[in-house]
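Enquirer: Only the shape, not the letters, is given here:
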Ligand SMILES: [Zn+2]
């Protein structure tokens, strides 16, 4: 059974800190079955109905298995092979765990506490926002609609294609995404301000932040545009999204997350006061922005089949980040200062407890342990060695071939 398309409608409420969801998933069923098992955690599924093209419809009984983070839907009769549409209605809470669909708080310029809603799905937390198949090789098209307070702004992976106010709520519809892994879906809802867009190819590139911080967005915006252009040229492939928004989120667990077209950052990794910042603060913003943009191809267009291959995302994005920042500011001598990161990787790699760059991952939660100095910095060091050994042009041609061959699919 494979999902090919999710039509997902979510209604977050920042006063009750809950959300209601409705989705229709198009499924290709390969073998007769009376059960469907999908990933879901801390969600209440109120309704499950499956229908085929002939109009045969049946209701499923949902049974949550919270420890396994799954939900089993049992149907009264067999679902024959073919195309089916699974409709689910569900509810959840905007949690304070910085994963899944969560709430982030910040103080506005008057010192008042404000809330926004944001997402963080990698590795396996899309299942906290909507019932889904969130293994990286279940790529599908996502058509997202967000129903929000009319005073707020909603951003997702793709361009807004429709917006209307109905019954006191603003309904924002987003364009279909490319075929991509579930962990790359993102939504941000709140009081948000954006920079003016700059076009790279056909894609407008903007930086978003909470009100009052837009003056800190120029530097991040500049490297975002420069690195996106650099990668289009280096990869020989256009940016795969229809727009690119970089969003500074007040509460964010990691440095940043490469959601296609809606990259989320902790504020210090995107916003910076150019005149007051130290060199290392500027370098950090340039590195993280270039790294996330590199992922739009390495990770988003081509994705590892399973989490053991996360280095295909992260070692490459770290290597590409260096190339792009070095091209943008050659005077920073980024490859020389990268020696510090390489030394840190060598120190860990000298321990008995080290592991190979590619390493067996069984349970999804083990995937989280793979985001370390061996995957990122050792991986990038090995790629730099390979590039220097083969020569930059041969290496680049290999990268182009890899991306073309596996576009919209997975590799291992
Ligand atoms: Zn990364």
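Expert: Arrived safely, thanks for sending. In this text, all values refer to a predicted model and were calculated from it rather than measured experimentally.

Enquirer: Phi and psi next, for residue 360.
Expert: The phi and psi values for residue 360, taken as degrees, to the nearest 10, are phi -60, psi 130.

Enquirer: Ignore what I typed, I meant residue 343.
Expert: Note on residue 343: its backbone torsions stand at phi -60, psi -40 [degrees, to the nearest 10].

Enquirer: That one: neighbouring residues, count only.
Expert: 11 (other C-beta atoms under 10 Å). The C-beta positions use only the backbone N, C-alpha and C, and glycine is treated the same way.

Enquirer: Give me the distance between the two termini of stretch 111-125.
Expert: End-to-end distance for stretch 111-125, by C-alpha to C-alpha, to the nearest Å: 32 Å.

Enquirer: Tell me the gap between it and the middle of its chain.
Expert: Offset of stretch 111-125 from its chain centre (C-alpha atoms, centre = their mean, to the nearest Å): 13 Å.

Enquirer: Spell out which parts of this structure neighbour the ion.
Expert: Contact residues, the chain versus the ion (C-beta under 5 Å from the ion): 314, 317.

Enquirer: Do you have the helices of the chain handy? List them.
Expert: For the chain, the helices defined by DSSP state H cover 218-235, 279-295, 311-328, 334-349, 364-367, 373, 379-390, 392-406.

Enquirer: hey, least reliable of those helices by pLDDT?
Expert: Mean pLDDT across the helices of the chain is lowest at helix 364-367; the value there is a mean of 78.

Enquirer: Tell me the helices and strands packed up against the helix or strand that comes right after that one.
Expert: Reading on from helix 364-367 to the C-terminus, the next helix or strand found by DSSP states H and E is helix 373. Helix 373 sits against helix 334-349, with contacts defined as 3 or more C-beta pairs under 8 Å, 6 or more residues apart in numbering; DSSP states H and E.

Enquirer: contacting residues around the helix it packs on?
Expert: For helix 334-349, contacts defined as C-beta atoms under 8 Å, 6 or more residues apart in numbering pick out 283, 322, 325-326, 354, 372-374, 377-378, 380-381, 384.

Enquirer: And those residues, which is closest to residue 99?
Expert: Ranked by distance to residue 99 (C-beta to C-beta), those are led by residue 372 at 18.3 Å.

Enquirer: State the number of residues packed around the closest one.
Expert: So residue 372, with other C-beta under 10 Å, has 15 neighbours.

Enquirer: Mark which of the contacts of helix 334-349 are buried, thanks.
Expert: 283, 322, 325-326, 373-374, 377-378, 380-381, 384 (16 or more other C-beta atoms under 10 Å).
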